[in-house]
Each structure stands twice: as structure tokens, then as C-alpha cells.
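Asks: Could you work out the structure for the sequence below:
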Amino acid sequence: QVRLVESGGALVEAGGSLRISCAASGDTFTISTVGWFRRPPGKEREFVAAVTRSGASKYYADSVKGRFTISRDNDKNTVTLEMNNLDPDDTAVYSCAAGNDGNPRREYLYRFWGPGTQVTVSS
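Replies: Predicted coordinates for the structure are as follows:
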């Protein structure tokens, strides 16, 4: 089993920056891909970004490309999402997820999910 806990969510102004983190514990050796997903108010959960085990490959949704950066520290079992130039449309509950190799944009890839952290961007 793997436990994931997100942190760093906050209220920020449009145009601002925020860093959120995902800490993993337990059988972390079983983790390959780690992804971030978000659920905006009243909408379906959507893919944001993902990183492979080595950190060499990173994937982003078109809506965040160029503004968000995902990074991974396997020694510390953490994955961080740096978010810049935030927009009110980025308001959502952000959850990290860990799973196998494969298409990182598909939720079925992920076996473990964190409870989420709230990011609110004011206009």
C-alpha cells in the first residue's frame, strides 16, 4: 500500500504562483508514474501533469503547459507542482496519484490517490 498526502493549497490572486507537494509513504518502491489531477467546482476531474519514475519524462495538459512544472525527488518520495501565472480557471481541488507505467493522462493507470488540496485563485 502507498499513502499519498498533498499539501500547499491556498488562496492566491490571479497572476500569482503557488507550489503544492505530494508526499508518499509505504511501499513507494511500487510506484512508477505520479500524476496530478484536479477537480474544478462542479466539473469532472481532469489531468494536469505527470512524471515518470526517473523524472526524465513529464507530461502536461495543454491548459497548464508553460505555466506549471512538475518535479520529483525519489530520495524524499515527493512530487511537486510549481504553478505560475495562475488564473481563476485553475481553481480546483488538486490530487496526486501514483501508479504504473502507461498513458499518464488516463485515470485507470493510477492505483493510489491522495485526498486533495484546495487551490483557489481570486480574480
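
Asks: what about C96, which SS state?
Replies: strand (DSSP: H, G, I helix; E, B strand; the rest coil).

Asks: Test my guess that it contacts T80.
Replies: No - judged on CB atoms under 8 Å, C96 makes no contact with T80 at a distance of 9.8 Å. In this view, the C-beta of every residue, glycine as well, is placed from N, C-alpha and C.

Asks: Tell me how far the residue minimising distance to the centre of the chain lies from S122.
Replies: Nearest to the mean C-alpha position of the chain, counting by CA atoms, centre = their mean, stands W36 at 2.3 Å. Using CB to CB, to the nearest Å, we find W36 at a distance of 21 Å from S122.

Asks: related to what we said a few turns ago, could you report the pLDDT at the nearest residue to the residue nearest to the centre of the chain once chain neighbours are set aside?
Replies: Distance criterion CB to CB, 6 or more residues apart in numbering; nearest residue to W36, sequence neighbours excluded, is V48 at 4.3 Å. V48 is assigned a predicted lDDT (pLDDT) of 98.

Asks: element containing V48, please.
Replies: V48 is part of strand 46-51, with elements assigned from DSSP states H and E.

Asks: ok, now T120?
Replies: Going by DSSP H and E, T120 is part of strand 117-122.

Asks: Ok, R72 next?
Replies: strand 68-73.

Asks: Quick check: buried residues in that strand?
Replies: The neighbour-count check on strand 68-73 (16 or more other CB atoms under 10 Å) flags F68, T69, I70, R72 as buried.

Asks: after that strand, next one along is what?
Replies: strand 78-83.

Asks: So what touches stretch 41-54?
Replies: By CB atoms under 8 Å, 6 or more residues apart in numbering, the residues outside stretch 41-54 that reach it are 31-40, 57-61, 64, 68, 70-72, 74, 79, 81, 91-92, 94-95, 101, 104-105, 107.

Asks: If any of these are buried, give me the PyMOL selection for them.
Replies: Only the buried entries of these go into this PyMOL selection, using 16+ other CB under 10 Å:
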select buried, resi 31+33+34+35+36+37+38+59+60+61+64+68+70+72+79+81+91+92+94+95+104+105
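
Asks: Just to be sure, which of the contacts of stretch 41-54 are found in strands?
Replies: Those of the contacts of stretch 41-54 mapping onto strands are 33-39, 58-60, 68, 70-72, 79, 81, 92, 94-95, per DSSP state E.
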